[in-house]
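In: Sequence and predicted structure, then a few things I'm wondering about:
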Amino acid sequence: MSAAAASFQGPNRIVVVPVLKAVELYRIVNVERPHHPGLVLDLTSNYERQARPRRVERFCSIRLRLPGGAGFCVDAPPKGAHRSLWGAPVHLAAWAVDDAPA
């Protein structure tokens, strides 16, 4: 199935497509390392936590190196725009990359 055939357009005209090729995305989180127990909570959406939308965080950025075909979806905004990512937080945490020096 092609990404175009598997895309979904929501009520706000957000186009969501499955991640079929490897991609790297960044997420601002409150932990410093990928194996921190709080990472899964940071990868959980405010909607799922029944929390209000966040202001801009001032903490660390965790890189997620996502493989294609692993069940994640992203939106398709204009190039260089903010990306939204959908996936189970515990599965997202498994693909976090530690960029900090040892």
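Out: It's in. Numbers count the residues shown, from 1 in each chain.
In: Let me know whether residue 34 touches residue 65 as I believe.
Out: No: with contact defined as C-beta atoms under 8 Å, residue 34 does not reach residue 65; the gap is 10.4 Å. Backbone N, C-alpha and C define where each C-beta goes, glycine included.
In: between the two, who's got more neighbours?
Out: Set residue 34 next to residue 65 and count neighbours by other C-beta atoms under 10 Å: residue 34 wins out with 18 against 11.
In: For residue 37, see how far away the nearest residue to residue 73 once chain neighbours are set aside is.
Out: Distances taken as C-beta to C-beta, 6 or more residues apart in numbering place residue 86 nearest to residue 73, at 4.4 Å, with adjacent residues excluded. Residue 86 is 23 Å from residue 37, where distance means C-beta to C-beta, to the nearest Å.
In: higher neighbour count, these two?
Out: Regarding residue 86 and residue 37, a neighbour count based on other C-beta under 10 Å identifies residue 86 as having more, with 14 against 8.
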